[in-house]
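Engineer: The following comprises the amino acid sequence and a computationally predicted model.
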Amino acid sequence: MSALNRVILIGNLTREPELRYTPDGTPVASFTLAVNRPFINQQGERETDFIPIVIWRKQAERCSEYLTKGSQVAVEGRLQIRSYEDKDGIRRRVAEVIARRVEFLQRLKKSFGEEIADEKVENEINKVSLSGEEMEKEENL
């Protein structure tokens, strides 16, 4: 039986990426992507979806280093629905995109204010490839 779970989004970050490390030292970054819907509602307004994104390893560090609130990116990954128990013991479910690739779509600024060309950063990110073992590990996270 075949299955397909692939998501492609283009939008803007609503906040700075949050970089954390797992107990074994693996970097993981998360941010929220604002994606405009392609239509206007009855009130004449364009609605926006706010989608949580999670990215792992070297790309997580690159996103944390170069992206800021408002940065426009393209995200390719898979949809994941997971459940957890909150601090009050209530079972919660969350949908998030586990990014496989994040492409920077505009000129970026480093944290110290120096402008850099997005092509250079995009090339650096695209050089980060996952081995079969890493892909399998990532799918199981």
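Structural biologist: Sure thing, it's come through.
Engineer: Tell me which helix or strand in the protein has the weakest average pLDDT.
Structural biologist: helix 118-127 (a mean of 45; mean pLDDT, DSSP states H and E).
Engineer: and the residue nearest to the spatial centre of the chain, what is it in contact with?
Structural biologist: For the chain, the residue sitting closest to the mean C-alpha position, by C-alpha atoms, centre = their mean, is Ile53 at 3.6 Å. Residues near Ile53 by C-beta atoms under 8 Å, 6 or more residues apart in numbering: 30-33, 75, 77, 96-97, 99, 102. Glycine gets a C-beta too; all of them are placed from N, C-alpha and C.
Engineer: ditto for Leu67
Structural biologist: Applying C-beta under 8 Å, 6+ apart, the residues near Leu67 are 13, 16-17, 31, 73, 104, 108.
Engineer: And for Ala34?
Structural biologist: When contacts are counted by C-beta under 8 Å, 6+ apart, Ala34 touches 11-14, 48-50.
Engineer: Do you know the pLDDT at it?
Structural biologist: What the model reports as pLDDT for Ala34 is 96.
Engineer: Test of understanding: give the bridge partners of it.
Structural biologist: For Ala34, the beta-bridge partners are Asn12, Phe50 (DSSP bridges).
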